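Student: Show me the folded form of this:
(one chain, ligands or ions: 2)
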Amino acid sequence: MIAVAGFNTAIDKALEVEALHVGAVNRARTVRAWPGGKGLHVALTIAALGEPVQLVGLIDCTHAADFEAFLSERRVEFLGVEAGAEIRTNLTLRDAEGRVTELLEPGPQLEPATTQRLRSVFSEAARQASIAVVSGSVPRGMAESTYRDLVALLEAGSRRCLLDASGPLLRQGVLARPFLVKPNHDEAEALLGHKIDGVDAALQALSAIGALGPSRVVLTLGREGAVALWEGRRCRIVAPAVEARNPVGSGDCFVGGLAVALKRGLAPAEVLRLATACGAANALTTEIGILRAEDVAALAPKVEVEWIDAQP
Ligand SMILES: Nc1ncnc2c1ncn2[C@@H]1O[C@H](COP(=O)(O)OP(=O)(O)OP(=O)(O)O)[C@@H](O)[C@H]1O
Ligand SMILES: [Mg+2]
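Tutor: Numbers count the residues shown, from 1 in each chain. Ligands and ions are numbered 1, 2, ... in the order given. The predicted structure is shown next:
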């Protein structure tokens, strides 16, 4: 079992408009809505690759049945915690020229009892799991130390934790020495407080991030692939070239691939290969954070992993 904390669940709603006029009435041509949130994408990836997964996140009574149906159909076990108010909707407006405008709701302000329930449901699930993933933002009312506390608790119980977050959640989370942290380029820049220009600079950044606490660091660089620090050795991963339709959510799918490969006990280069294939497979589809296992299988042999440091 892999346990995923995706506390800040969302409804992703996509509207197509002819043109977007600020301050005027805009009529949508089409509308689609489905369950979203970064942790939810991680969990969907894990399930698509065939591993059992539990997802812990907020839910409300209006959407509970839809989430349950959507996730159970895709073999994700959803441990929803009632928010006491409506969960957030993330609105994407696409105009005829393909330009995308996003409107993100802040989501509900949680009572302390609800934040405590999210933490306890997740730590209980993670204690039964072989790998724990903490992913994305947390709802309003949850402390910036949330991931740091959870990772410290779980790693103390020998549970391997994967951390994918930004801002203060990431800054604090790395201090708890997670098994692995996966910042993207911008998150790594913000964490270190300086620019990271090019692959050589990214390779240097790995050591600086590793020095903060995590044992393994994977810094993803979008279509460029990634660089990784794995038990003291660095490598460069080249992603396969694909005709990208929508790379949003590729990092989430990458993390799902990491979790699955680690659970299966694969060698480091194979862990990174599977994760990179998952990121590329997500970019192939228009949906966010949804991939096809057959695309992953076809892309994995095309991933290149080059070790930079010699084996000790
Ligand atoms: N256009 C692309 N072509 C091929 N592979 C891609 C592409 N975009 C992303 N990937 C793969 O997915 C991985 C993660 O992408 P990225 O660095 O954009 O993550 P991210 O910014 O965390 O994404 P998100 O937070 O939206 O999920 C990359 O390391 C790469 O392997
Ligand atoms: Mg990301």
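Student: residues near the residue in the stretch 101-250 of the chain that ligand 2 sits nearest to, how many?
Tutor: Using C-beta to the ion, the closest approach of the stretch 101-250 of the chain to ligand 2 is made by residue 184 at 4.9 Å. (Glycine included, C-beta is placed from N, CA and C.) Number of residues near residue 184 (other C-beta atoms under 10 Å) recorded here: 18.
Student: Bridging across strands, which residues link to it?
Tutor: residue 220 (DSSP bridges).
Student: Same check on residue 36?
Tutor: Under the criterion used (DSSP bridges), residue 36 bridges to residue 10.
Student: circling back: next one: the residue of the stretch 101-250 of the chain closest to ligand 2 relative to residue 75, how far apart?
Tutor: As judged by C-beta to C-beta, to the nearest Å, residue 184 and residue 75 stand 27 Å apart.
Student: Residue 232 now?
Tutor: With C-beta to C-beta as the criterion, residue 232 and residue 75 are 37 Å apart.
Student: looking at this protein, which helix or strand is least sure?
Tutor: Across the helices and strands of the chain, the lowest-confidence element by mean pLDDT, DSSP states H and E is strand 100-104, at a mean of 90.
Student: How about residues contacting the helix or strand that that one is followed by?
Tutor: Remark: after strand 100-104, the chain's next helix or strand is helix 112-128, criterion DSSP states H and E. Outside of helix 112-128, the residues within contact range by C-beta atoms under 8 Å, 6 or more residues apart in numbering are 1, 3, 5, 7, 54, 56-58, 79, 81-84, 110, 132, 139, 141-143, 146, 149-150, 153-154, 157, 159, 161.
Student: Alpha carbons of helix 112-128, in CSV - could you do that?
Tutor: Extracted as CSV, the C-alpha positions of helix 112-128 are listed here (Å, rounded to 0.1, in the frame of the first residue of the first chain):
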residue,chain,number,x,y,z
PRO,A,112,-8.8,22.8,14.3
ALA,A,113,-10.7,19.6,14.8
THR,A,114,-10.7,19.1,11.0
THR,A,115,-7.0,19.8,10.5
GLN,A,116,-6.3,17.3,13.3
ARG,A,117,-8.5,14.7,11.7
LEU,A,118,-6.7,15.1,8.3
ARG,A,119,-3.3,14.6,10.1
SER,A,120,-4.5,11.6,12.1
VAL,A,121,-6.3,9.8,9.3
PHE,A,122,-3.1,10.2,7.1
SER,A,123,-0.6,9.2,9.8
GLU,A,124,-2.7,6.1,10.5
ALA,A,125,-2.9,5.2,6.8
ALA,A,126,0.8,5.9,6.3
ARG,A,127,1.8,3.7,9.3
GLN,A,128,0.2,0.7,7.5
